[in-house]
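**Student:** Below: sequence and its predicted model.
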Protein chains: 2
Amino acid sequence: MMNTLFLDACLRKPVERTPVWMMRQAGRYLPEYRAVRAGTDFLTLCKTPELAAEVTIQPVDIIGVDAAIIFSDILVIPEAMGMELVMEESKGPRFPRPLRTRNDVESLKVQDPEKSLRYVMDALKQTKQALNGRVPLIGFSGSPWTLAAYMVDGGGSKDFPQAKRMMLDDPATFTSLLEKLAESVRYYLEAQLAAGADAVQIFDSWGGLLAPDHYRKWSLEWLHHIVSRMDKNGSPVILFSKGANHALKELSEIGAEVVGLDWTVDIGTVREEIGGTVALQGNLDPSVLYASPERIREEVRSVLRKFGQEPGHVFNLGHGITPGVPVAHARAFVDSVKEESARIRSGR
Amino acid sequence: MMNTLFLDACLRKPVERTPVWMMRQAGRYLPEYRAVRAGTDFLTLCKTPELAAEVTIQPVDIIGVDAAIIFSDILVIPEAMGMELVMEESKGPRFPRPLRTRNDVESLKVQDPEKSLRYVMDALKQTKQALNGRVPLIGFSGSPWTLAAYMVDGGGSKDFPQAKRMMLDDPATFTSLLEKLAESVRYYLEAQLAAGADAVQIFDSWGGLLAPDHYRKWSLEWLHHIVSRMDKNGSPVILFSKGANHALKELSEIGAEVVGLDWTVDIGTVREEIGGTVALQGNLDPSVLYASPERIREEVRSVLRKFGQEPGHVFNLGHGITPGVPVAHARAFVDSVKEESARIRSGR
């Protein structure tokens, strides 16, 4: 591995500058990505290893990020478990037959990801080969709660009322669903590490929709289930529970190496609270990338200064990069992190 | 005033049970509201005092809430300042000509709400008369930041990129916009109190989209501007900055009597931190109302127990009630708060 900054920072080893990557960095803001997508729908892209590898590497070449993240979608797991998944360009992903009953949940099967998600493993292997050690490769999965929310409501939602109803009115069925998902996620992450991923991230994108008590019981517990049982083989695990800022301390205590932060917390305050035990990933407001490069640099500097000079910071946005961001601004963001962090860490 | 529970709780006076109302309680979950709306579009309803009064009182009669909140919309202020406002049933509110330049902002006028928003004052007076002292009446406004976000982006958004761009790239123009809005909001709230409102709430619905530093500068400061200058005439002011949970302490220190909480914080923890200086309003997850009445009661009890027996709790949802909630569940929610809080506060 030529560039080990990302892995070193995940393990809180000293680095000469802060590594940086962006959630959704292989995405629509890149003309090269849109060119690939022009001929291919989203799911076909996920399922065609050579194309997935191609778009995964684009931001490494074009933007200069310090890690690649495999191009895929969190909803490939429910699909592999037997649910029909439809991707509509305008409406986002949808399960035409959402889970509503005990029988629905019982019909789901925990699969061997080496078979059911072979295409992800192939994409990882091809990406790894093409990267040729330039930067580490990150695998990922959705969290059990976040996947369950989609599977029960049938698609994206502001509040996932059906999932919350099942959670409250039929906790036994919902627990059974989360347990199957936790096992599926665990096997999936282990398979990704075996296929060449150097680290894995669990996206608990809807963790912030749960009240604190519900979060502990229906999301955190299952993240703990996964992290405590999985064979990490020395690779870092990143937990990103967007919006669940009431639970960062608890998140830091379940065995992951890195906790991801959205942009609504002060990374300096969080570092004081939990930075002694985990690395932190984050946390610039993605909307800052709409501002001028000069202003982006100021905002990057502010986040870097808040974190300080201790080891254990992976710079990232606090959420995925949005399609309307100019490529030059994404590049200005990454350059700013590299230059300003080198300056700060060298004491200049 | 026959039922002073709400006002007493706002002022942290002892009460025999916890008062309760629901954000968006005059809304689409009520068949009686939908019947009024069937013949009238949203803005006409806001601007027809007798109809606005009618739907404002519906939840008092039908659900038994302890306060009424005037039926209106936060975007009436930008409209009164000179922006064309369009309400499309499916897409939500929209400003066809959003603010983008210094000139756009300069063309906005701070108006006398007694004239420009006469219809709101008339609705308050008619409601007050019709309520005849049964329960207090709440007036409200959007916060400067939340209004500015809509006005610059031109409508609802997940991240308000244009507003954030103006904030970062042209802070002088954005400051000028916020100052005009703060003055408009202040006059508007004062006029509502003069027209009969017994309390006012400021909805900072998008406060949670700002990073902590940005929040302090672009939202909190302007809330402080309003609250510190307005003539409250003894009436409580409620601040609800949804999602800005990193700043609850600061919010509690700017002179409002009540701080509203969304459902992603533990109300017991927050009460320990700031309950000595302000009352708290909240904070049941609105999605709990999709669950069975038995389960709703358990969840209500859990929030009540967390708050404890100190004075200063106004029960509410952590966000507006959603259209799909059965009326019986809304009623079960309100009944549960009344019964369980009476039991807890009497020590039974």
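**Tutor:** In hand now; what should we look at?

**Student:** Where in chain A is the helix or strand with the lowest mean pLDDT?
**Tutor:** Ranked by mean pLDDT, DSSP states H and E, the weakest helix or strand in chain A is strand A:86-88, scoring a mean of 89.

**Student:** Give me the buried positions along the next helix or strand after it.
**Tutor:** Next helix or strand after strand A:86-88 toward the C-terminus (DSSP states H and E): strand A:92-94. Neighbour-count burial for strand A:92-94, counted by 16 or more other Cβ atoms under 10 Å in any protein chain shown, picks out A:93-94. No exception for glycine: its C-beta is placed from N, CA and C like everyone else's.

**Student:** how about strand A:92-94 against chain B, any contact?
**Tutor:** No. Shown here: strand A:92-94 not in contact with chain B (Cβ under 8 Å from any Cβ of the partner chain), separated by at least 12.2 Å.

**Student:** taking the mean pLDDT, what do you get for that strand?
**Tutor:** With pLDDT averaged residue by residue, strand A:92-94 scores 91.

**Student:** helices or strands next to the least confident helix or strand of chain A in the packing?
**Tutor:** On a contact count with 3 or more Cβ pairs under 8 Å, 6 or more residues apart in numbering or on different chains; DSSP states H and E, strand A:86-88 meets strand A:92-94.

**Student:** helices and strands around the helix or strand just after the strand it packs on, which ones?
**Tutor:** Once the chain leaves strand A:92-94, the next helix or strand it forms, by DSSP H and E, is helix A:102-106. Counting contacts by 3+ Cβ pairs under 8 Å, 6+ apart, helix A:102-106 packs against helix A:171-194.

**Student:** Spell out which residues of chain A are next to chain B.
**Tutor:** Near chain B, the residues belonging to chain A are A:159-162, A:164-165, A:168-169, A:208-214, A:243-246, A:263-266, A:285-288, A:290-292, A:295, A:299, A:302, A:318, A:322, A:324 when assessed by Cβ under 8 Å from any Cβ.

**Student:** let's see 7 Å
**Tutor:** When proximity is defined as Cβ under 7 Å from any Cβ of the partner chain, chain A approaches chain B at A:159, A:161, A:164-165, A:168-169, A:208, A:211-213, A:243, A:245-246, A:263-266, A:285-288, A:290-292, A:295, A:302, A:322, A:324.

**Student:** So which of the residues you listed are in helices?
**Tutor:** Taking DSSP state H as the definition of helices, those contribute A:161, A:164-165, A:168-169, A:212-213, A:295, A:302.

**Student:** residues touching residue A:294, list them.
**Tutor:** If you count contacts by Cβ atoms under 7 Å, 6 or more residues apart in numbering or on different chains, residue A:294 has none.

**Student:** now swap in residue A:97 and tell me
**Tutor:** residue A:84.

**Student:** For stretch A:200-211, buried residues please.
**Tutor:** A:200-211.

**Student:** do you know how far residue A:79 is from chain B?
**Tutor:** Look at residue A:79 and chain B: by Cβ to the nearest Cβ, to the nearest Å, they are 25 Å apart.

**Student:** same thing with residue A:343?
**Tutor:** Residue A:343 is 21 Å from chain B, by Cβ to the nearest Cβ.

**Student:** what's whichever strand or helix holds residue A:200 packed up against?
**Tutor:** Residue A:200 is part of strand A:199-203 when elements are defined by DSSP H and E. Helices and strands in packing contact with strand A:199-203 are listed as strand A:137-142, helix A:171-194, strand A:237-240; criterion 3 or more Cβ pairs under 7 Å, 6 or more residues apart in numbering or on different chains; DSSP states H and E.

**Student:** what's the offset of it from the middle of its chain?
**Tutor:** The chain centre lies 5 Å from the centre of strand A:199-203; the measure is Cα atoms, centre = their mean, to the nearest Å.

**Student:** the inter-axis angle of that strand versus strand A:137-142?
**Tutor:** If you take axes from the mean of the first three to the mean of the last three Cα atoms, to 10 degrees, strand A:199-203 sits at 30 degrees to strand A:137-142.

**Student:** Sheet-wise, list the partners of strand A:199-203 with their directions.
**Tutor:** strand A:137-142 (parallel), strand A:237-240 (parallel) (DSSP bridges).

**Student:** As a markdown table, those strands with mean neighbour count would be great.
**Tutor:** Formatted as a markdown table, these follow (neighbours: other Cβ atoms under 10 Å in any protein chain shown):
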| stretch | mean neighbour count |
| --- | --- |
| strand A:137-142 | 25 |
| strand A:237-240 | 25 |
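
**Student:** okay, the ones you listed in a markdown table with mean pLDDT next?
**Tutor:** Formatted as a markdown table, the strands paired with strand A:199-203 follow (pLDDT from 0 to 100):
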| stretch | mean pLDDT |
| --- | --- |
| strand A:137-142 | 98 |
| strand A:237-240 | 98 |
